[in-house]
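S.K.: Kindly generate the corresponding structure for this input.
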Amino acid sequence: MNRKNYSCFVGIDISKKDFYVAILQEERTASYTFENSKKGINAFIRLIRNQKIDLKNTLMCMEHTGVYGKLIITKLIEKQINFCVEMLVQIVKSIGVHRGKNDKVDAMRIALYASKNHQEMKLYQPMPMILEQVKILLKVRRKMVNTRADMNKYPNELELFSPELGKLAKNNLKRINKSLEEEIKRIEQEIHKLILSDDKLNKTVGLVTSVTGIGKITALHFIIFTNFFTRYDNPKQLACYCGVVPFEYTSGSSVFRKSRIHPMANRTLKKHLHMSALAAINHDPEIRDYFNRKLEEGKNKMLIVNNVRNKLVHRICAVVKRQEPYVRNVA
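M.R.: Below you'll find the predicted structure:
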């Protein structure tokens, strides 16, 4: 947690073309607009210096906007400025009921959010370049896999109702499919080279994949989203982030619903965990016995699968913490 007391708070609202800045210092406020480019970011840094703002006692805060925030994050890291990157939903829910919206107002709301919650906020920890590179390659690979699946969906459906037309469509997609498969394999080879080039990444991938059911791609997603497993405090917190923890929904004696998983989760990790859980049920005797035992008890199948996903998260956290590969229990 960030326990330092700050005298100045800067809220930054980022869009594709511009970013809006709100400076909250004591009871004074000021707002500015800059172009979201190297030139605009340098102008923002000059403004901070010209106003003689003490950067050591300043906390900047922005919402997570993906690639739009890359330039300014890089500059803030370079200048060793204290800043946080927060989820939009967390900022919105913390400031209560509000009406109206524009970028200037949003920047001020972010600054107010930082001033109220800075004791609990965590300073931004940059992701190592090796993970940034792997992350980009994984995204490109995923887009290619999705493109291949989308293209093959139509001829497969067409073949059910018109075999000749379906065959015609498939024949004309063969070359594209072959090209995509070759590119996917090439990207996977590039990812493998990056893994081997970094000792820490190579060791962590080996530890995570030692858990039965967890493949290399799933392991890499876990490592990237957790920044080498540093963005969570305990396995339960990570399991919640993955969307595999059910939450109670009751109130008094009249509202009583079944515990359900909250939709706000990392869907990529959840998807990979689901496939890993199915693989673990097929290949891990301990988990297979657990799955069959719960089925015999009459438990819902998807509930059991979700419990398996939760078990896998705890196993992953355990091997990373101990820095020892997972060892199956032998009966």
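
S.K.: For Cys61, give me phi and psi.
M.R.: In terms of degrees, to the nearest 10, the main-chain angles of Cys61 are phi -140, psi 140.

S.K.: How about the contacts made by it?
M.R.: Counting by Cβ atoms under 8 Å, 6 or more residues apart in numbering, Cys61 touches 9-12, 83-86, 110-111, 113-114, 121. No exception for glycine: its C-beta is placed from N, CA and C like everyone else's.

S.K.: Assumed Arg109 was part of a strand.
M.R.: No: read with DSSP: H, G, I helix; E, B strand; the rest coil, Arg109 is helix and lies in no strand.

S.K.: ok, the nearest residue to Lys38 once chain neighbours are set aside to Pro235 distance?
M.R.: Spatial nearest neighbour of Lys38, chain neighbours left out: Leu71 (6.4 Å); criterion: Cβ to Cβ, 6 or more residues apart in numbering. Distance, Leu71 to Pro235, using Cβ to Cβ, to the nearest Å: 35 Å.

S.K.: picking that back up, please work out how many residues are found near the residue nearest to Lys38.
M.R.: 16 (other Cβ atoms under 10 Å).

S.K.: Just the contacts of Cys61: which are in helices?
M.R.: Judged by DSSP state H, the contacts of Cys61 include 110-111, 113-114 as members of helices.

S.K.: Looking at those, state which has the most neighbours.
M.R.: Ile110 (29 neighbours).

S.K.: Strands of the stretch 201-331 of the chain, residue ranges please.
M.R.: 246-251, 255-261 (DSSP state E, counting those that start in this stretch).

S.K.: if you skip the residues just before and after it, what's nearest to Phe34?
M.R.: Using Cβ to Cβ, 6+ apart, the closest residue to Phe34 is Gly40 (3.9 Å).

S.K.: burial of the one you found, as a residue count?
M.R.: There are 16 residues near Gly40, going by other Cβ under 10 Å.

S.K.: Just list the residues touching it, thanks.
M.R.: 18-19, 34.

S.K.: check which helix or strand covers it.
M.R.: Element membership of Gly40 [criterion: DSSP states H and E] is helix 38-50.

S.K.: Can you list the buried residues in that helix?
M.R.: Within helix 38-50, the residues scored as buried using 16 or more other Cβ atoms under 10 Å are 40-41, 44-45, 48.

S.K.: care to break this protein down by domain?
M.R.: As given by automatic domain parsing, the domain ranges for the chain are 8-117, 129-197, 220-322.

S.K.: mind giving me CSV with the buried residues of helix 38-50 and columns for pLDDT and distance to Asp198?
M.R.: Shown next, in CSV, are the buried residues of helix 38-50 (pLDDT from 0 to 100; distance: Cβ to Cβ, whole Å):
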residue, pLDDT, distance to Asp198
Gly40, 96, 34
Ile41, 95, 29
Phe44, 95, 33
Ile45, 94, 32
Ile48, 92, 35
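
S.K.: roughly how far apart are the residue sitting furthest away from the middle of the chain and Leu158?
M.R.: No residue in the chain sits farther from the centre than Glu164, which is 44.0 Å out by Cα atoms, centre = their mean. Separation of Glu164 from Leu158 (Cβ to Cβ): 10 Å.

S.K.: Need the residue closest to the centroid of this protein.
M.R.: Centre-nearest of the chain using Cα atoms, centre = their mean is Phe225, 4.4 Å out.

S.K.: For that residue, which residues are in contact?
M.R.: Residues in contact with Phe225 (Cβ under 8 Å, 6+ apart) are 231, 241, 266, 268-269.

S.K.: can you tell me which two in the residues you listed are farthest apart?
M.R.: Arg231 and Thr268 (14.6 Å; Cβ to Cβ).

S.K.: can you give me the helices for the stretch 51-200 of the chain?
M.R.: Along the stretch 51-200 of the chain, counting by DSSP state H, counting those that start in this stretch, helices occupy 70-78, 88-94, 103-117, 129-161, 163-197, 199-209.

S.K.: Same list, those, but as JSON lines with mean pLDDT and distance to Lys321 please.
M.R.: JSON lines is the format used below for those (pLDDT from 0 to 100; distance: least, Cβ to Cβ, whole Å):
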{"stretch": "helix 70-78", "mean pLDDT": "94", "distance to Lys321": "28"}
{"stretch": "helix 88-94", "mean pLDDT": "77", "distance to Lys321": "27"}
{"stretch": "helix 103-117", "mean pLDDT": "90", "distance to Lys321": "29"}
{"stretch": "helix 129-161", "mean pLDDT": "92", "distance to Lys321": "19"}
{"stretch": "helix 163-197", "mean pLDDT": "93", "distance to Lys321": "21"}
{"stretch": "helix 199-209", "mean pLDDT": "97", "distance to Lys321": "10"}
